[in-house]
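>>> here is my input, please return the structure:
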Amino acid sequence: MTEVYRNLNRRKWSIREGGRVVGHVDVCCLRDVSFHVSVAARQRAIRIGQRAVMAWARGVLCEAHRWPSAERIRFSPFEGPSFMAGEFEIDSAKLVFFDADGTCWGIL
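Sure, this is the predicted structure:
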């Protein structure tokens, strides 16, 4: 399984496999995605007011483009403990496209 998270310093998506970062990309796509948040890292970020790697998506790396019907998926440690699609908490998606501008879009 591959994990993807936003690297704020590089302004790219970090690709992690087996616990090791194997690359940084502008765009990528995962299928059969589950979303994960480290509660301890989120609490620390709230306490010190600084972001860190605390949330990531895990799935199978694939080739796909963003679909017009995809929904925007967001995560902010300061807004809540879960990934959100609109006003709904989500923990999985069928397909997620990670865009170069730092947004991600999913087919739920």
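>>> now do the buried residues in the helix-or-strand element of the chain with minimal mean pLDDT.
Every helix and strand of the chain was ranked by mean pLDDT, DSSP states H and E. The lowest is helix 39-48, at a mean of 79. By 16 or more other CB atoms under 10 Å, the buried positions in helix 39-48 come out as 42, 45. Just so you know, the C-beta spots here come from the backbone N, C-alpha and C atoms, and that holds for glycine as well.
>>> ditto for stretch 97-107
Quick answer for stretch 97-107 (16+ other CB under 10 Å): 97-99, 104-107.
>>> measure it end to end?
Using CA to CA, to the nearest Å, the end-to-end distance of stretch 97-107 comes to 9 Å.
>>> now the biggest strand by length in the chain: mean pLDDT?
The residue-count maximum for a strand in the chain (DSSP state E) belongs to strand 28-37. Averaged over strand 28-37, pLDDT sits at 96.
>>> just checking: what are the partner strands of it?
Strand pairing for strand 28-37, determined by DSSP bridges: strand 55-62 (antiparallel), strand 92-98 (antiparallel).
>>> so how far is it from its chain's centroid?
Mean-position distance between strand 28-37 and its chain equals 7 Å (CA atoms, centre = their mean, to the nearest Å).
>>> now swap in stretch 97-108 and tell me
Distance, centroid of stretch 97-108 to centroid of chain: 8 Å (CA atoms, centre = their mean).
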